[in-house]
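Q: fold the following for me, if possible:
(2 chains)
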2 protein chains.
Amino acid sequence: MKKSDKIMWSGCPVRYAAGVFGDKWCFVLLRDILLHGKRYYGEFAASEEGISTNILADRLSRLEGDDMLTRHVDPNKRSKVFYLPTRKARVLLPAFLGMMVWSTEFDDKTAAPASFAKAFRENPKAAIAWYEAEIDRVNAGLEHSC
Amino acid sequence: MKKSDKIMWSGCPVRYAAGVFGDKWCFVLLRDILLHGKRYYGEFAASEEGISTNILADRLSRLEGDDMLTRHVDPNKRSKVFYLPTRKARVLLPAFLGMMVWSTEFDDKTAAPASFAKAFRENPKAAIAWYEAEIDRVNAGLEHSC
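A: Have a look, this model is predicted:
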């Protein structure tokens, strides 16, 4: 047993956050759900990072186990599965957007428009509210199915 | 070659952040440096998570390569090495504290006092300034050596 296996990834708030999404694929999936309006397994699989199906299944299961997502079978097509972000995932949105603004400053290959960081810095509450409304809009089309 | 190897972990701001610290050990090291006042290799090695020496060396090197830390040899004892956080690491502090507040809400084993999240929510600028001053205070004892 490695020394690190003994550590519970809770208690310390930094460890807890690291345990839930201190993994680059979890970051990408949270982006897809919180910012890109993706909900279906097939949409995540099609993201440009080219996540492999075994990693995708593992990370969706982890995020569901950590109460970040809920899993639903599409009643119109039972072979399709979609995921909705929980309140726990949504409460992370401001910190997540803060990290993105940080990235736009330091990534010299950033693809984000300068207007994104500018809008967030000038009025973070309005920027967060805009993304929240988008999440609600996408969810509204699915929640009646749950 | 896996499909995912083709992806540059830059461009998209979420991917960029994931590439720099989408790793639980990088989270822990950034906590040690930004919040716990640790600077020396030996101090990181002694953290309660019990990081192994090979992982510690790898993550310090990665964080240095990503311009998050600068590495210095202690002039008083040349076998000792210390690290200072760069501006890039320090600019991450608000988002990092935001994640911690999120953790305190959702980790039912949280060890953080309720006063931490309360202070941050009531006056985030003052909370950030307090941590910034602590970083400056710890650095001040070392910067003359650089």
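
Q: just want the most central residue of chain A.
A: Central residue of chain A (Cα atoms, centre = their mean): A:Leu30, 1.0 Å from the mean position.

Q: I'd guessed that one sits against A:Met68; true?
A: Yes - using Cβ atoms under 8 Å, A:Leu30 is in contact with A:Met68, at 7.2 Å. Every C-beta, even on glycine, is put in place using the N, C-alpha and C of the backbone.

Q: identify the contacts common to the two.
A: Overlap of the contact sets of A:Leu30 and A:Met68 (by Cβ atoms under 8 Å, 6 or more residues apart in numbering or on different chains) consists of A:Phe21, A:Ala89.

Q: now do the longest helix along chain A, average pLDDT.
A: What stands out as the longest helix in chain A, according to DSSP state H, is helix A:124-143. Across helix A:124-143, pLDDT averages out at 92.

Q: is that helix anywhere near chain B?
A: No - using Cβ under 8 Å from any Cβ of the partner chain, helix A:124-143 stays clear of chain B, coming no nearer than 9.8 Å.

Q: show residues contacting that helix.
A: Under Cβ under 8 Å, 6+ apart, the answer for helix A:124-143 is A:34-35, A:37, A:39, A:72, A:82, A:84-85, A:90, A:93-94, A:97-98, A:119-120.

Q: these in helices, which ones?
A: Short answer: these in helices (DSSP H) are A:Leu34, A:Arg90, A:Leu93, A:Pro94, A:Leu97, A:Gly98, A:Ala119, A:Phe120.

Q: out of those, what pair is the most spread apart?
A: A:Arg90 and A:Ala119 (19.4 Å; Cβ to Cβ).

Q: more neighbours, those two?
A: A:Arg90 (19 against 15; other Cβ atoms under 10 Å in any protein chain shown).

Q: now that one, nearest residue through space, not along the chain?
A: Sequence neighbours aside, A:Ile135 is the residue nearest to A:Arg90 in space, at 6.5 Å (criterion: Cβ to Cβ, 6 or more residues apart in numbering or on different chains).
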